[in-house]
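Trainee: got a sequence here, can you model it:
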Amino acid sequence: MLIKQIMKKNVFTLKENNTIKDAMQLIELKQIRHIPIVDEANRLVGIISDRDIRDASPSIFHSTDHLDDFLKPLSTIMVRTIITAHPLDFVAEASILFYEHHIGCLPIVQDNQLVGIITETDILHTLVQLMGAHQPSSHIEVKVENITGKLADIATIFKDLNITITSVLVYPYPDQKYKVLAFRVQTIDPRRIVKTIENNGYHVIWPKEPE
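Mentor: Numbering: from 1, shown residues only. A predicted model of the protein is given here:
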């Protein structure tokens, strides 16, 4: 899936000479957490978050003594080193950026123009949809040898049972001789599937029958 398929194209922005008060009002009005800062040509020059604004705002106990702080331009608090992505980047690549840099949003830039934005919430919702976890389904994990062909072998079992697979994840097992295949399948009761998989000589990790 590409970023352009999930990004918000209607981006709320401000300019460098807008004030901290302007940003506070926009965040409250639009219920957003991040505001890209652009120049007159819609080129991205900075970004601020609700945390930046909180850190720069006077304490509520002294707010009336420092009213000028609210009138400071955003150029004084905005972050100028910005991590961005392109609309044709993959969502998985964007997920890595969120993970590695601990960021809350990712401005999307094309031809030096701000064209969209995605947030960590957008990424989470997308991953849930890609895994099919938001639909009625069952989760089955199978431990297999870490050799070629095992995914196809297990998939054939689902095919023979006429069970639709909505997603597959592969992750390592502590013993590197094995790996785990995690399937999301369109059935509510997985017991028949589990029994068939085990009858074919495989070890089902989840779900497990009560001992």
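Trainee: my guess is K15 contacts I37. True?
Mentor: Yes. Look at K15 against I37 with CB atoms under 8 Å: they come within range, at 6.7 Å. For every residue, glycine as well, the C-beta is placed using N, CA and C.
Trainee: name the residues contacting each of these two.
Mentor: The contact sets of K15 and I37 overlap at L74 (CB atoms under 8 Å, 6 or more residues apart in numbering).
Trainee: which of these two has more residues huddled nearby?
Mentor: Between K15 and I37, I37 has the larger neighbour count (other CB atoms under 10 Å), namely 25 against 15.
Trainee: so what's that one bridging to?
Mentor: Judged by DSSP bridges, the bridge partners of I37 are L14, G46.
Trainee: do you know the pLDDT at it?
Mentor: pLDDT recorded at I37 is 98.
Trainee: do the same with the one 3 residues further on
Mentor: Confidence at E40, expressed as pLDDT, is 96.
Trainee: which residues sit in contact with the residue nearest the centre of the chain?
Mentor: Centroid-nearest residue in the chain, with CA atoms, centre = their mean: I123, separated by 2.0 Å. By CB under 8 Å, 6+ apart, the residues touching I123 are 91, 94-95, 98.
Trainee: now render those as JSON lines, adding pLDDT and secondary structure.
Mentor: As requested, the contacts of I123 are arranged in JSON lines below (pLDDT from 0 to 100; DSSP: H, G, I helix; E, B strand; the rest coil):
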{"residue": "V91", "pLDDT": "93", "secondary structure": "helix"}
{"residue": "A94", "pLDDT": "95", "secondary structure": "helix"}
{"residue": "S95", "pLDDT": "94", "secondary structure": "helix"}
{"residue": "F98", "pLDDT": "95", "secondary structure": "helix"}
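Trainee: I appreciate the help and will end here.
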